[in-house]
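1. Quick check, what structure comes out for this input:
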Amino acid sequence: MKRFIERKDPVASHVLLYHRPPKPTAQNQKLFVFLLPRNISKDQVDKDCRDCKYLQGTSNCKLIKDQRYTLSCPGAPQGCKIQPKRAAEFDLYFGNQYNPTFEIRLPTSTEEVPIRINDETDLVVWEYEVDLKDPNEVPPSVKVQSESFALKENFLAILEELRMEEYKKFKWYLMQLPNKCLKKEQEETFSMEDVVDRLVQHYSSEEAVQVIKTTLQKIGRNDLVNRL
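-> All right, here's what the predicted structure looks like:
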């Protein structure tokens with residue numbers, strides 16, 4: 001066992017990456033980099049990184065015990081900070097708690113970051129382009145479209161509850177609004193779906209909800225107001 005610990009030939013190792021997404025009020029996100037012997041599994045490290053997400057990637061490399069390694073992020077965005085700034089030593093520690101070898105702080109807007117690890121001779125022993133985007137996250141444009149469609153569906157379901165005379169009054173009140181949400185020629189030709197589209201296009205979501213609430217109250221359908 002002593003001979004194994006003291007040997008200086010390369011050890012089968014891996015680089016494990018854990019990402020801590022930014023909190024709403026934070027100005028940075030963190031990426032923790034672990035240089036570990038390959039017989040220390042991801043599961044053993046997970047328990048010390050419960051607030052982080054493991055980033056899967058090509059992690060295998062060869063490292064030498066007691067040699068010092070440096071980490072760099074070539075081409076990283078301004079504001080990128082690496083801790084520690086000096087080289088970190090690789091050891092064969094086995095225990096109940098594993099601390100990251102390096103910590104990278106990045107602006108919250110960073111979606112990709114290149115990582116390079118060099119040995120004492122400046123030889124690159126591992127490098128990887130890390131993707132920080134959440135694959136399950138819905139793009140903002142898609143999210144807005146989805147929310148808008150859900151709003152339209154709700155508006156349409158409410159209007160479909162109106163009797164014919166109530167629906168006529170509803171459109172009449174829309175035509176009386178100062179900003180002319182609905183014009184006379186539109187009132188005569190627009191389908192119910194067209195009226196909903198007009199409301200969503202003409203107002204913000206909050207304003208459209210308020211207009212419909214007020215109009216429903218005017219035609220005596222307070223029972224539908226609670227559905228908005």
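
2. neighbours of Y173, just the number please.
-> Neighbourhood size, Y173 [other C-beta atoms under 10 Å]: 17. For the C-beta atoms, the positions are set from N, CA and C on the backbone; glycine is no exception.

3. which SSE is it in?
-> Using DSSP states H and E, Y173 falls within helix 164-176.

4. Which positions in that helix come out as buried?
-> Neighbour-count burial for helix 164-176 flags Y167, K169, F170, K171, Y173, L174 (criterion: 16 or more other C-beta atoms under 10 Å).

5. from those residues, which is closest to E129?
-> Closest to E129 out of those is L174 (53.5 Å), distances taken as C-beta to C-beta.

6. quick one on the thing from earlier: from the buried residues of helix 164-176, pick the one nearest S13.
-> Nearest to S13 among these: L174, at 68.6 Å, using C-beta to C-beta.

7. Mind giving me the packing neighbours of the helix or strand containing E185?
-> Secondary structure assignment for E185, by DSSP H and E: helix 184-189. Helix 184-189 makes packing contacts with helix 164-176 when contacts are defined by 3 or more C-beta pairs under 8 Å, 6 or more residues apart in numbering; DSSP states H and E.

8. from the middle of its chain, how far away would the helix it packs on be?
-> Taking C-alpha atoms, centre = their mean, to the nearest Å, one finds helix 164-176 lying 43 Å from the centre of the chain it belongs to.

9. which secondary structure elements does it contact?
-> With contacts defined as 3+ C-beta pairs under 8 Å, 6+ apart, the packing partners of helix 164-176 are helix 184-189, helix 192-202, helix 205-218.

10. ok and that helix relative to helix 205-218, angle-wise?
-> 130 degrees (axes from the mean of the first three to the mean of the last three C-alpha atoms, to 10 degrees).
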